[in-house]
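Novice: my questions concern the predicted model and sequence given below.
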Amino acid sequence: MIAQFLPGEYVCLPERPDWGLGQVQSAIGERVTVMFEEAGKQTLNLRHALLEKVPAPGAGRRR
């Protein structure tokens, strides 16, 4: 089963930690387009890339 991602969610690609935090731009079937901090826009096939959802920057912080 392939994980579902929604535009706006934050992700990382553990096999490429140098790409930094990414935000999902679009997700259609197995293809997810992500804007990474250090690698720019990348389109990934979820059959070959294991994306992990991560909390949004600043999530959980209290003022």
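Specialist: Cool, got the structure.
Novice: just for this protein, where's the confidence low?
Specialist: 1-2, 60-63 (pLDDT under 70).
Novice: residues touching the residue nearest in space to the middle of it, list them.
Specialist: Nearest to the mean C-alpha position of the chain, by Cα atoms, centre = their mean, lies residue 11 at 3.0 Å. By Cβ atoms under 8 Å, 6 or more residues apart in numbering, the contact set of residue 11 is 5, 21-24, 34, 51-54. (Each C-beta comes from the backbone N, C-alpha and C, glycine too.)
Novice: residue 56 contacts residue 10, correct?
Specialist: Yes: using Cβ atoms under 8 Å, residue 56 is in contact with residue 10, at 5.2 Å.
Novice: overlap in contacts, those two.
Specialist: Counting by Cβ under 8 Å, 6+ apart, nothing touches both residue 56 and residue 10.
Novice: compare those two (neighbour count), which wins?
Specialist: More crowded of residue 56 and residue 10, by other Cβ atoms under 10 Å: residue 10, with 16 against 11.
Novice: so the more buried one touches residue 21, yeah?
Specialist: Yes: shown here, residue 10 and residue 21 form a contact pair, counting by Cβ under 8 Å, at 6.0 Å.
Novice: which neighbours do the two have in common?
Specialist: 54, 57.
Novice: across the sheet, point out what pairs with the residue nearest to the centre of the chain.
Specialist: residue 22, residue 53 (DSSP bridges).
Novice: with residue 43 instead?
Specialist: residue 33.
Novice: for the chain, which segments count as strands?
Specialist: Residue ranges of the strands in the chain, as given by DSSP state E, are 10-12, 22-28, 31-36, 40-45, 52-54.
Novice: for residue 41, grab the count of nearby residues.
Specialist: 10.
Novice: what residues sit buried inside stretch 29-48?
Specialist: Neighbour counts over stretch 29-48 (16 or more other Cβ atoms under 10 Å) mark 32-34, 36, 42, 44, 46 as buried.
Novice: pull the most distant pair out of those residues.
Specialist: Farthest pair in those (Cβ to Cβ) is 36 and 46. Separation: 15.6 Å.
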